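Novice: no sequence for this one, just the structure:
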C-alpha cells in the first residue's frame, strides 16, 4: 500500500478510543483525572515520537498527536472506534473513500478497521 502525503498546515489533535487495554497499564487511580493541554504539548515535544499517550484505562486510551506541516500520516486501521478532536491546524482527512476538510474545532469519529489518515 502506498501512503499518500496530504498537504496540511500542521496539526495538533487529540485521539481517543475505546479499547480492550491492559488493566495493568491503567493510570485511572481516582474517579477523575484532569489534563492541561499546555503540559501535554510540552511533554510531547520532549519525546522522539509524534504522539503522547496520556490516558490508558481498562476500557479506553487517549493521545495527543502532533503532525508537522506536510508530514506523512502513517496511521493504519485500528481495531477500535476512534474520536479525533482537531486543536489547531488545517488538513484534508480521508476515511475510506470519503475526504473532508478539517480545522481547529473539528471532531471526527472513525469506525474500527477503516483506512484513514490526515
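Specialist: Yep, it's here. Since we're looking at a predicted model, the values are computed, not measured. Numbers count the residues shown, from 1 in each chain.

Novice: Mind listing the residues bridging to residue 108?
Specialist: Beta bridges link residue 108 to residue 84 when assigned by DSSP bridges.

Novice: list the contacts for it?
Specialist: Residue 108 makes contact with 83, 84, 86, 93, 95, 100, 102, according to CB atoms under 8 Å, 6 or more residues apart in numbering. In short, each C-beta sits where N, CA and C put it, glycine included.

Novice: mind redoing it with 10 Å?
Specialist: 13, 15, 82-86, 93, 95, 100, 102, 116, 118 (CB atoms under 10 Å, 6 or more residues apart in numbering).

Novice: Out of the residues you listed, who's the most crowded?
Specialist: For those, neighbours were counted using other CB atoms under 10 Å, and residue 13 has the most, 24 neighbours in all.

Novice: where does residue 34 sit relative to residue 53, distance-wise?
Specialist: Taking CB to CB, to the nearest Å as the measure, residue 34 falls 17 Å from residue 53.

Novice: neighbour-wise, which of these two wins?
Specialist: residue 53 (15 against 5).
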